[in-house]
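Enquirer: just coords:
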Ligand code: SF4
């Protein structure tokens, strides 16, 4: 076995490939979770603010039906379509 074969064994190459695939995935997952903030921080409430409500906010991810709670790209937890918070951003 020459120097190059010792340094780059098949086992090491497979280990690096697995780590190379896992690290970016773990980083993106933790980034996605880290970007959401609590309802208290954004002063979330289950009632609209005039015509402003989650169902017409660009951050809203709808639930299974138009009446079901969904999710928000900014605020953590279950979000009512009739809710509102200070991060409201109208859909264009
Ligand atoms: S940013 Fe605020 S208003 Fe918009 S969907 Fe999320 S919780 Fe609702």
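Expert: Alright, I've got the coordinates. Quick caveat: nothing in here was measured; it's all calculated off a predicted structure.

Enquirer: would you mark the buried spots in stretch 47-65?
Expert: Across stretch 47-65, burial judged by 16 or more other CB atoms under 10 Å covers 48, 53-55, 57, 59-60. All C-beta atoms are positioned from the backbone trio N, CA, C, and that covers glycine.

Enquirer: and the contacts of that stretch?
Expert: 66, 68-75, 79-85, 87-92 (CB atoms under 8 Å, 6 or more residues apart in numbering).

Enquirer: can you flag the buried ones in these?
Expert: Buried members of the contacts of stretch 47-65, counted by 16+ other CB under 10 Å: 69-72, 74-75, 79-81, 83-85, 87-88.

Enquirer: need those in JSON lines (columns: distance to residue 40).
Expert: Below are the buried ones among the contacts of stretch 47-65 laid out as JSON lines (distance: CB to CB, whole Å):
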{"residue": "69", "distance to residue 40": "18"}
{"residue": "70", "distance to residue 40": "19"}
{"residue": "71", "distance to residue 40": "17"}
{"residue": "72", "distance to residue 40": "14"}
{"residue": "74", "distance to residue 40": "13"}
{"residue": "75", "distance to residue 40": "10"}
{"residue": "79", "distance to residue 40": "14"}
{"residue": "80", "distance to residue 40": "16"}
{"residue": "81", "distance to residue 40": "20"}
{"residue": "83", "distance to residue 40": "14"}
{"residue": "84", "distance to residue 40": "14"}
{"residue": "85", "distance to residue 40": "10"}
{"residue": "87", "distance to residue 40": "13"}
{"residue": "88", "distance to residue 40": "16"}
